[in-house]
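Participant: Turn this into a structure:
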Amino acid sequence: MSKKKKKINPIDLVRPDKLLLSGLKTLTDITLTPINMYADLKTKAKRKAEITFIGEKKLEEVKVQLFTFNENEALESNQKDFTPMINPKDSHIYWLNIHGLHEVELIQELAETIKMDRLSVRHLLDTTQRPKVDEFDDYLFFNLKSILLDEHDQIDVEQLSFVLGKNYVVSFQEKESDHFDDIRYKIREGIGFIRKRTSDYLLIQLLDAILDNYFETIEDINEDIAELEQEVYNNPHKETLFALEKSKKRADLIKKSLTPMTESINYILNNRTTFFQKENIKYINDLKMSCSNALEEVDSTTRSLESLTNIYYASLSQKMNETMKVLTTVATIFIPLTFIAGIYGMNFEYMPELQFRNGYFIVWGVMISIFIGMVIYFKRKDWL
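Facilitator: Reported below is the predicted structural model:
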């Protein structure tokens, strides 16, 4: 956000609408996956009745991480072997985390192991789907979008999906990321209640970690807005407008992703699904409250951006008015002077004043007096 301040040039103030249109073309940092890009792929997959990965390949090789834990122990494995999940030890919880979705055969193998419905597999492999929640006889399917600013200050959107069973949670990520590092640490070290609770509590913790990402992103955007606010008040220029529009797009993207997540949590609360223990419902209510708070923060951010945009255009108009006022004042001062010069510049043969010995100096005196008088008058009116 730290950019060299530029002096306002009247040229920059002429066409703010043109600046806005050209600026919108530069907002390429928010790279949402366009659904139309994969329309043909979806159509072909439906026509052939086959399951296909729809999205951007973000990893060369799919990686698997399996945690097996209870209150007394925690085991960790990177083998692509899903059989422990269908032959669980007593009192053990399984958390299978998969990075990468493009290996369809591997995903189908897992789906067959835990008896996932074909519709869930389709939704899992389609990264352009709207976040949703589906309840089946043996599991609960939940997917959402994670949003973070990367090291280049670009919006990074990732789809995450979760499958909740009686004694397991399977999480699917498009790429390797650090969303759940704190949860892994707690499982390894036996910190907190994750190893003492059921699989639904683990899912709640995973969802809470994703919500933390939203709050972090909103905080980053608000920090940018604080800098933009100073620019708008002190020295607005066209880059300020572009930055405001970019922040608006980010806020809209966050709201668009948060709204269906809130709807999914409300579905869980309203339908009283059997996949969540009664003692863990209070944590789901806490998730709902966090979603509501995040949405309120986004709405507040959006209102702030709208207000700053209005102030920017008002400031632009004010500067234009000041420029026009100065030009008009200067032109007004020279109108009577031009009038006098025009009269005595006419080539009539008989002009009595031309014969005056001191006529030249008298005219200069009159013109200077008019000039000084008008400047004093405009100063008193605060027009100069």
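
Participant: in stretch 331-345, what's buried?
Facilitator: By neighbour count on 16 or more other C-beta atoms under 10 Å, the buried set for stretch 331-345 is residue 333. Every residue, glycine included, has its C-beta placed from N, CA and C.

Participant: I misspoke; the intended subject was stretch 246-260.
Facilitator: Going by 16+ other C-beta under 10 Å, stretch 246-260 has these buried residues: 246, 247, 248, 249, 250, 251, 253, 254, 255, 257, 258, 260.

Participant: How confident was the prediction at the last one?
Facilitator: What it means is residue 260. Predicted confidence (pLDDT) at residue 260: the value is 91.

Participant: That one looks like it's in a helix, true?
Facilitator: Yes: assessed by DSSP: H, G, I helix; E, B strand; the rest coil, residue 260 belongs to a helix.

Participant: contacting residues around it?
Facilitator: 130, 131, 132, 144 (C-beta atoms under 8 Å, 6 or more residues apart in numbering).

Participant: of all these, which comes closest to residue 84?
Facilitator: Residue 84 has its nearest neighbour among the contacts of residue 260 in residue 144, at 26.6 Å by C-beta to C-beta.

Participant: For the stretch 201-350 of the chain, which segments count as helices?
Facilitator: Taking DSSP state H, counting those that start in this stretch to define them, one finds helices in the stretch 201-350 of the chain at 238-271, 281-343.

Participant: any idea which of the ones you listed is most buried?
Facilitator: Neighbour counts (mean count of other C-beta atoms under 10 Å) averaged over each of these peak at helix 238-271, with a mean of 19.

Participant: The closest residue to residue 271 other than its chain neighbours and residue 124: what is the separation?
Facilitator: Distance criterion C-beta to C-beta, 6 or more residues apart in numbering; nearest residue to residue 271, sequence neighbours excluded, is residue 135 at 7.2 Å. Taking C-beta to C-beta, to the nearest Å as the measure, residue 135 falls 15 Å from residue 124.

Participant: what about the two, which has more around it?
Facilitator: residue 124 (25 against 15; other C-beta atoms under 10 Å).

Participant: Quickly note the distance from the more buried one to residue 65.
Facilitator: 17 Å.

Participant: quick one: low-confidence ranges for the chain?
Facilitator: 1-49, 87-90 (pLDDT under 70).

Participant: okay, which residue is most central for it?
Facilitator: Against the mean C-alpha coordinate of the chain, by C-alpha atoms, centre = their mean, the closest residue is residue 250 at 1.7 Å.

Participant: Which residues are in contact with residue 175?
Facilitator: 58, 59, 99, 100, 158 are the contacts of residue 175 under C-beta under 8 Å, 6+ apart.

Participant: The first one contacts residue 174, correct?
Facilitator: Yes: with contact defined as C-beta atoms under 8 Å, residue 58 and residue 174 form a contacting pair (5.0 Å).

Participant: More neighbours: which of these two?
Facilitator: residue 174 (21 against 16).

Participant: re earlier: which of the buried residues of stretch 246-260 lies at the shortest distance from residue 78?
Facilitator: Among those, residue 257 lies closest to residue 78 (C-beta to C-beta), at 30.1 Å.

Participant: what about the closest residue to that closest one other than its chain neighbours, how many neighbours?
Facilitator: Leaving aside its sequence neighbours, residue 257 sits nearest to residue 145 (C-beta to C-beta, 6+ apart; 4.0 Å). Using other C-beta under 10 Å, the number of residues around residue 145 comes to 23.

Participant: Likewise for residue 379?
Facilitator: Counted with other C-beta under 10 Å, residue 379 comes out at 10.

Participant: mind checking how far it is from residue 373?
Facilitator: 11 Å.

Participant: Could you do residue 151 as well?
Facilitator: 64 Å.
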